[in-house]
Structures are given as structure tokens and as C-alpha cells.
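**Student:** sequence unknown, structure follows:
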């Protein structure tokens, strides 16, 4: 018996009129063959414009090197999903606008189907309008001879202004990721300056440290990083952070082992491993004369993807979040890195993890640094 192949075109959104479309642009359509249980084959007609309303995503410091490594991944769908159109808002200081124009040209030249619009600007009222997500990369870097308090003062001014802009112009549901250092305290300043936006909507990046720790364990065990889960970064994104592997699991030849059983070198895990992760950023700067960019961009993507899509069952990620109400004795009113699980764009600190004396001392040390930073910043903030 001879079989024939029948192609059936299906519109995933039904009648176009329900989308207020009088006609379809055939350049936006293509056929995706799907094999059914019988000899009939169906082709699904896909239309990018019908998938969802575009979301507005801001990246600050958009002419910088981290953003240059980041924007392509956002625009091509690696962060917010392969069916989510994007409007990219790119904010930088006025002297950087010519450079930013070159970034815009490159994004245009990528011909990315999800990228609906690019808006470069040096104006906060334009950049922060109706945002769904804000990735605050730009900050004042520490210059030679600059005291830490001077660095904090300069960044308080930046993140107070950006927090106020979020409060005034962005959606109240906006998810805000602070990357610019000192990230934890900059995040706290932004949150305090945006009182109408829930503090749970703010987080800072410690995923880079998390990925560094995960990679160090994977390399030591000779397995891919995907076989390592539940490392934790506690505290500040600084050299006082505590990379903790007491709850980490490693899949070795199909068997899941504790990190300590997999590595069998407690001295390394409590010594060189910790200092390697703590000082990795400085090591990168020493080697390439520039700070981490590619790895930072990857960590930003991981962080925002988890916020948007959730963490995997049984796994947690590290994220700087609001400390009030935590079960680990961390002082309140800090942005402190905890292990979190995420569902429905909402994070929850992983509770009831056993903490030994070694870990507790490390967690307390990084908390003390954050308290000092907070108190200095709040004095500058005037609240």
C-alpha cells in the first residue's frame, strides 16, 4: 500500500484576527515538520510576532566589556526563552554613546528574530521606562589610590539615582539584578531607593563565584561541571565570601557522592579551594589585565534564566538576596548570598542546612564586612 505525505498548516495562535492581525507577513512564517503516529505528517506554522508581547530589558554600562559579552545571549533568547521577544534598552554615560552606537550596529547586524527594538540612551527616564528586567552592570570602578569609603560614596550616588528611577518609571514587578561592584551593597542601596518595588525583586550576582566553585570541584574530580551540584556561596561578592561544599554532590560514574568523599582531600577543600575561588577575579585581572567579562556575562545569563524559568528540582543556586527573616543568623537588612530555589520567578532561601563551626565562622566574617559596608553606605544615603 502506497502512503502519501500530507502537510497540514496549523496556526498556534488560532485565528489571526484574535491577535488584531489583518494579514500575515510570510517572511515571519516557516514550516516545522512533526511526525505523527500515522503516515500523516503535520507542519506547524510558527509566527514569532504572535508568541508573546516583547519584554523590556535594561542593561546598564552597556558599552562596557561585560555587556559586550552579554547582549548577544540575551537578544538571541538564551536568557528569557526562545519564544520571548525582547526590547533592549541600553544605558551608558554620555561620553560612551559613540561606542554604544557601534554595539547597536553589531546587534542589528546579527539579524536576531527575537530582538524587536534597541534603544540606546544616556537618560534614566528613557532607560527605566516600563521595565520587566533590569541588569545593572555599570558602576564606578575602584581607581588607584581610592579609599574604599570613596568608592562606596561614588556608587551610592549611582545606585540611589538608579533605584529612584526604577521606583518612578519601571513596572512594580521588575526583576533587578545588580552586577556592578560592590554588588551586594549597591543592590541594597538601589532597593532602599525604590520603596514601591518589593525588596524580593532585587538580587545581586554571586553566580560567577558559584560557577567558579563548581568548576574547581569538577576539574578536581575529572568530571563535567554539570555533574556537580549544590555548591554554595555565602555572603559578600568579595574576598571574604565563603565557598561552601559541605552540601555539594558530585556524580562520579553514575554514583552521587558528597564532595568530600569524591575529592578525598579535606585540606584542599578547606584551604586552597576556598582561596582560589575568593581570589579568582584578581587572578583573571593579573593574567589578562582586564576584569572578568565572558565568565561574568555567562553568570548573569545563568542568574536571570533561573529567575525567569526556575531552578532544577533538588538543586539550588547562589544569589545575593535580602537577608531579613533568614534562618542562619545572618544580620537583617543586608543583601547576602544564600542558597536559593526559584519557582514562578520567586526565590526562597534553602532552609535547615546543617552548618558546622568552620562554616559558621566563615559566614560570620563575610557578614561583618557587609554590615560595615551597609552602615557606611546608609550614612552616605542619608536614610
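**Tutor:** Sure, I can see it. Everything numeric here is computed off the predicted structure, so don't read it as measured data.
**Student:** so residue 57, which of the three states?
**Tutor:** Secondary structure for residue 57, judged by DSSP: H, G, I helix; E, B strand; the rest coil, is strand.
**Student:** ok, it - contacts?
**Tutor:** By C-beta atoms under 8 Å, 6 or more residues apart in numbering, the contact set of residue 57 is 74, 80, 86, 87, 88, 89, 131, 132, 133, 134, 135. Quick note: C-beta positions are derived from backbone N, CA and C, even for glycine.
**Student:** please redo it, this time with the cut-off set to 6 Å
**Tutor:** Counting by C-beta atoms under 6 Å, 6 or more residues apart in numbering, residue 57 makes contact with 86, 88, 133.
**Student:** can you check residue 310 too?
**Tutor:** Residue 310 touches 342, 343, counting by C-beta under 6 Å, 6+ apart.
**Student:** turn the contacts of residue 57 into TSV, columns for distance to residue 318 and neighbour count.
**Tutor:** As requested, these are exported to TSV (distance: C-beta to C-beta, whole Å; neighbours: other C-beta atoms under 10 Å):
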residue	distance to residue 318	neighbour count
86	26	24
88	27	23
133	19	25
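**Student:** between these, which sits nearest residue 193?
**Tutor:** residue 133 (18.0 Å; C-beta to C-beta).
**Student:** on that earlier part again, looking at the contacts of residue 57, which are in helices?
**Tutor:** Assigned to helices by DSSP state H, none of those qualify.
**Student:** chain neighbours aside, what residue packs nearest to residue 101?
**Tutor:** residue 120 (6.5 Å; C-beta to C-beta, 6 or more residues apart in numbering).
**Student:** that neighbour and residue 64, how far apart?
**Tutor:** 13 Å (C-beta to C-beta, to the nearest Å).
**Student:** swap in residue 173?
**Tutor:** Residue 173 is 27 Å from residue 64, by C-beta to C-beta.
**Student:** which stretches of the stretch 1-150 of the chain form strands?
**Tutor:** Assigned by DSSP state E, counting those that start in this stretch, the strands in the stretch 1-150 of the chain fall at 9-10, 29-35, 41-47, 55-60, 86-91, 115-121, 133-136.
**Student:** what about the longest strand in the chain?
**Tutor:** strand 335-343 (DSSP state E).
**Student:** report the buried residues of it.
**Tutor:** 335, 336, 337, 338, 339, 340, 341, 342 (16 or more other C-beta atoms under 10 Å).
**Student:** identify the residue nearest the fourth one in space, chain neighbours excluded?
**Tutor:** Take residue 338 and drop its neighbours on the chain: the residue closest to it by C-beta to C-beta, 6+ apart is residue 349, 4.6 Å away.
**Student:** list the contacts of that neighbour.
**Tutor:** Contacts here follow C-beta under 6 Å, 6+ apart; on that basis residue 349 touches 326, 338, 340.
**Student:** nearest to residue 197 among the residues you listed?
**Tutor:** residue 340 (18.7 Å).
**Student:** surely the closest one meets residue 347?
**Tutor:** Yes - shown here, residue 340 and residue 347 form a contact pair, counting by C-beta atoms under 6 Å, at 4.4 Å.
**Student:** which residues in the chain form helices?
**Tutor:** Assigned helices in the chain, in chain order: 48-51, 65-75, 97-109, 124-127, 148-169, 183-192, 207-221, 259-263, 266-270, 272-278, 280-288, 294-309, 357-381 (criterion: DSSP H).
**Student:** just name the most buried of these.
**Tutor:** helix 183-192 (a mean of 28; mean count of other C-beta atoms under 10 Å).
**Student:** and the angle from that one to helix 148-169?
**Tutor:** 40 degrees (axes from the mean of the first three to the mean of the last three C-alpha atoms, to 10 degrees).
**Student:** what lies in contact with helix 183-192?
**Tutor:** Outside helix 183-192, the residues touching it (C-beta under 6 Å, 6+ apart) are 155-156, 159-160, 162-163, 178, 180, 199, 202, 204-205, 236-237, 320, 335, 370, 373, 377.
**Student:** how does it look with 7 Å?
**Tutor:** With C-beta atoms under 7 Å, 6 or more residues apart in numbering as the test, helix 183-192 has contacts from 136, 139, 152, 155-156, 159-160, 162-163, 166, 176, 178, 180, 199, 202-205, 236-237, 320, 334-336, 370, 373-374, 377, 381, 383.
**Student:** stretch 252-269 now?
**Tutor:** Contacts for stretch 252-269 (C-beta under 7 Å, 6+ apart): 217, 220, 221, 223, 245, 248, 249, 250.
**Student:** try 10 Å
**Tutor:** Stretch 252-269 is contacted from outside by 213, 216-217, 220-223, 227-231, 243-251, 270-274, 276, using C-beta atoms under 10 Å, 6 or more residues apart in numbering.
**Student:** before we move on, back to that, need the overlap of contacts for residue 120 and residue 64.
**Tutor:** By C-beta under 10 Å, 6+ apart, the residues touching both residue 120 and residue 64 are 92, 96, 99, 100, 103.
**Student:** closest to residue 69 among these?
**Tutor:** Closest to residue 69, out of all of the shared contacts of residue 120 and residue 64 and judged by C-beta to C-beta, is residue 103, at 11.3 Å.
**Student:** quick one: residues contacting the closest one.
**Tutor:** Here residue 103 is in contact with 59, 62-64, 67-68, 71, 88, 90, 92, 96, 118, 120 (C-beta under 10 Å, 6+ apart).
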